[in-house]
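Trainee: predicted model and sequence follow; I will ask about them next.
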Amino acid sequence: MTTSTSFPILLLPPKCLQHALKEMKHMDFIYFSFASKQCMNLAITVNSKATRLEVKCTHSCKKHTPHCIMVEAKFMDNKSAGFWIYTDITTGGDRDCSETMSPLDGKYYGHGRWRVAEKYRKMPKITLRKLIEHLLVLLHLPKIHVLSFKNMSDLQSINEIFKGFPIGLFSASASKMDYNECMFYDRVLQLFSDNTERFSIEYSERFISRHEIHDLLARDLHRIVFLDWRPYLLQAINSNCERIVLECYVESQLLNKFLKHWMRGSNPRMKYLQAKVDIKNQKYKSQILEGIETLPLKNRTSIESFDGKKARINLMNDGLFLMYVRI
């Protein structure tokens, strides 16, 4: 039986076929590309482009439980399409995952994201690595824009799967693993620095030493999240990170010291800082800005560093502190 008789859509005249492929839903278009080599070649010529490809992997840290991997392509119409995959990633990139793949179809709204899992459809045998290669070629994407891992300890297996793929942002979290986090993240940077543009890491309470955290934060990280308070957090957040998020309550006096450090030239790459302040302290707003000259701007507070950088400070009523720097 020929490919044309197996897929009647291929019997359409070339212009009609191109139009039909362009009008397909994103998920249907992806499934069509997997039908045969001829279908894949036709799909590529449609020049359907996604805006980004994201791969997010999580693990419950329980023994004998599969990893949950989401491979999602996002498009200009605020829709997304891809797959949920449940597999053991420690076996490397050669394991067939076609039987554990579930389609997902998403829609993005102003208030957030909504996803629906479509009905399962039979897929040809394919590995996770081959799936990502397929989507990058099909959707004319130059890289994996976001590669995210949570509680994944087997970095060697991860490296085998994603080795050679250009990566925009590598985001890693080891907050639930019993590891020396500095050593873990240092290993991440060693393995993936050659093909990754930016790194984001999440730090929990296991600070091993000031020396280790400073060595790590001296790297040009894109983002770091601190999940817990430590006495030397002020020294820790004086780093080369672009975005710093403190998911813990911070004393007003510490933020005051940090702002003064920033005004004198610390954190030259920082663009954003977020922290939580205890609103039970009714003087927290005045304490944060004590001794700091602010710029007279309507409905907001701005400060300026000695080298001319300006930053907007938002002190929310719920105690959220936000700092935006104009580079």
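Mentor: Looks like it arrived, so ask away.
Trainee: need the contact list for the closest residue to I85 other than its chain neighbours.
Mentor: With sequence-adjacent residues excluded and distances taken as C-beta to C-beta, 6 or more residues apart in numbering, I85 is closest to I69, at 4.3 Å. Using the backbone N, CA and C atoms, a C-beta is placed for each residue, glycine as well. By C-beta atoms under 8 Å, 6 or more residues apart in numbering, the contact list for I69 reads 55-57, 84-87, 89, 128.
Trainee: and of those residues, the nearest to P166?
Mentor: Nearest to P166 among the contacts of I69 is V55, at 12.6 Å by C-beta to C-beta.
Trainee: separation between that closest one and I132?
Mentor: 7 Å (C-beta to C-beta, to the nearest Å).
Trainee: now E197
Mentor: Taking C-beta to C-beta, one finds E197 at 17 Å from I132.
Trainee: settle it for me: which of these two has more neighbours?
Mentor: The neighbour comparison of E197 against I132 (other C-beta atoms under 10 Å) goes to I132, with 20 against 13.
Trainee: is it fair to say that one lies in a helix?
Mentor: Yes: using DSSP: H, G, I helix; E, B strand; the rest coil, the assignment for I132 is a helix.
Trainee: how many residues are close by G82?
Mentor: 26.
Trainee: and the helices in the stretch 101-250 of the chain?
Mentor: 128-138, 155-162, 181-192, 210-217, 233-237 (DSSP state H, counting those that start in this stretch).
Trainee: what angle sits between the longest one and helix 155-162?
Mentor: Going back to what we said before, that points to helix 181-192. 30 degrees (axes from the mean of the first three to the mean of the last three C-alpha atoms, to 10 degrees).
Trainee: which positions in helix 181-192 come out as buried?
Mentor: Residues 181-182, 184-185, 188-189, 191-192 are the ones in helix 181-192 that count as buried (16 or more other C-beta atoms under 10 Å).
Trainee: just those residues now: which is nearest Q18?
Mentor: Closest to Q18, out of all of the buried residues of helix 181-192 and judged by C-beta to C-beta, is F192, at 38.7 Å.
Trainee: skipping its backbone neighbours, what lies nearest the closest one in space?
Mentor: Distances taken as C-beta to C-beta, 6+ apart place F170 nearest to F192, at 5.4 Å, with adjacent residues excluded.
Trainee: the one you found against S200, yeah?
Mentor: Yes: F170 sits in contact with S200 when judged by C-beta atoms under 8 Å, with a separation of 7.2 Å.
Trainee: so these two - more neighbours on which side?
Mentor: Legend: neighbour count by other C-beta under 10 Å for F170 and S200, higher for F170 (25 against 20).
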